[in-house]
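S.K.: coordinates for the following, if possible.
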Amino acid sequence: MLIKNDIWKNTNFLHSICIAAGSLYCAGLTYGTPITQNVYTIFFILFLSVLFFLNIQKINEVENKGSSFIFVQIILLNLSIAVTAQILNSPDSFFWVQDSFLTHLPESVKYTDSIKNNFQAEPDLGLRQGRMTHALTGLSFVIFGVNTFATIFVQLIFKLIVVSCIYFYCRILWGTRVAFVAIQLYGFCPTIFFYNLVLYKEGAVQALLAIILLSTLKISLQKKYIFILPTVLALFLMSGERTYITYLLLLMFPFLIYNLPFAKNIKNNLLFLTAAVILAIGGYWYNPKMFDILGAINELTNFRKLYSSFSDVLNRYNYSIPYPLAFLKIVFSPYFSMNKFKIFSDFSDLLIWGSFINQIIIFSSILGFIHSVRVKILHLYLWIPFIAFLICAAYVSPWSGRIRDSFYPLIACYAAFYLLNNKYFKKIFNISDL
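M.R.: Just a heads-up that it's a prediction; the model follows:
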């Protein structure tokens, strides 16, 4: 029995299993029927859960041995699917959905053509939302050709950026063991796994958000002001991916700046207020719409009308419900429901069967946030953009868990913190106290 346990804990053996699991899952979906695709998805989610369990057995060793093997597992899982899809000629629709065909692919090809023609770009190159996604995908097309491997490869780069930022973010706030759990919650969460494979903007948005969160901690806690540069750059790039997320992230900076260690006397408070006014004037000069409250309300109303008009959205469960219920709905979306089987297939079955794990992670994150903010107000400042987003999204699109997942790097961090402070979790996984 000891020998068998040692085999399952062997890092190289687990790497081999990751390759096999990813390849078999992609093959099963490629040749499967709608029923068997759901069966294969359930087994793949079970595999991710077992992998998490086996990795956690090493948590008492991560202080000395590190967490690099988790990064290798993530790489092998995604690449094994990408390579298998090319070998078996899996349908492009597995990884290119409607948004991909309508927007992301044609915009990315424009960058590909521009690079091949020495950057002699078309006049409208990069003007649509998703510039970073399209630029890197276009570059990947130059290297690998226009195929699904190229797009999955780019999404993997974004995923590794997120995982790296999550790791260092958690190390700063809580230590290496929380970081070890957090990168797995993000890397192996089935719903997030789906978005790490498909050509959406989600990968870039989550990567930029993770960079901004880590940089703000470096500035506010470690006084490493050189990280102002990546913060500003990431905010600029975010404005080209999902503009409203940029505006929401700006909400936390006045609080974070005021949280810096300077004397809160009248003189310094006036200087802080003056700087805030100057920045506000600069922001108004750059984009007057930022301060158009009535215009923002009208825009939210228009977006609500647009999202409620989608044929696959059941309005009676989304727009005919009380606002508090809609708020809860956006927090924990997606949900397991029978109508999802009509909408989702192949890899998107991960959104159906992975919904339970997703909801456990989010619930744990909320509890982790509540526990953290009682200790230090800094955590509230870091959550202000997410809270503001949920307030708006509950009104506009309470069903859209994909957009909510823009903040999943934050969610994974606080979920890991809660779980590692939960006595039942520590008992189940035999985690010793430091």
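S.K.: only C-alpha atoms from now on, for both contacts and neighbour counts.
M.R.: Fine.
S.K.: what sits against Tyr167?
M.R.: Residues in contact with Tyr167 (CA atoms under 8 Å, 6 or more residues apart in numbering) are 176, 179-180, 182-183.
S.K.: same thing but 6 Å
M.R.: Neighbour list for Tyr167: Ala179 [criterion: CA atoms under 6 Å, 6 or more residues apart in numbering].
S.K.: confidence score at it?
M.R.: pLDDT, Tyr167: 97.
S.K.: offset the numbering so it begins at 14, please.
M.R.: I'll keep to 14 as the first residue from here, and by that count the last item is Tyr180.
S.K.: off-centre distance for the one helix or strand it maps to?
M.R.: Secondary structure from DSSP states H and E places Tyr180 in helix 161-186. Distance, stretch centre to chain centre, for helix 161-186: 9 Å (CA atoms, centre = their mean, to the nearest Å).
S.K.: ok, so what distance separates Lys353 from Thr164?
M.R.: Relative to Thr164, Lys353 is positioned 26 Å away (CA to CA, to the nearest Å).
S.K.: more neighbours, the two?
M.R.: Neighbours per residue (other CA atoms under 10 Å) separate Lys353 from Thr164, with Thr164 holding more: 29 against 16.
S.K.: residue contacts, that one?
M.R.: Counted by CA under 6 Å, 6+ apart, Thr164 has contacts Thr150.
S.K.: what do you get for the one 4 residues further on?
M.R.: Applying CA under 6 Å, 6+ apart, one finds that Gln168 lies in contact with 209, 216.
S.K.: if you set the cut-off to 8 Å instead, what comes out?
M.R.: Gln168 neighbours (CA under 8 Å, 6+ apart): 209-212, 216-217.
S.K.: nearest to Phe65 among these?
M.R.: Distance ranking of the contacts of Gln168 against Phe65, using CA to CA, places Asn209 first at 17.8 Å.
S.K.: local confidence estimate at the closest one?
M.R.: The model reports Asn209 with a pLDDT of 95.
S.K.: next: Cys426.
M.R.: At Cys426, pLDDT is 98.
S.K.: just Thr287 next, same as before
M.R.: Thr287 carries a pLDDT value of 77.
S.K.: what's the helix or strand for it?
M.R.: In this structure, Thr287 sits in helix 279-299 according to DSSP H and E.
S.K.: what's the answer for Leu37, then?
M.R.: helix 24-44.
S.K.: still on that earlier bit, name the residues of the helix holding Tyr180 that come out as buried.
M.R.: Neighbour counts over helix 161-186 (16 or more other CA atoms under 10 Å) mark 161-184, 186 as buried.
S.K.: same check on stretch 55-68?
M.R.: Neighbour counts over stretch 55-68 (16+ other CA under 10 Å) mark 55, 57-58, 60-62, 64-65, 67-68 as buried.
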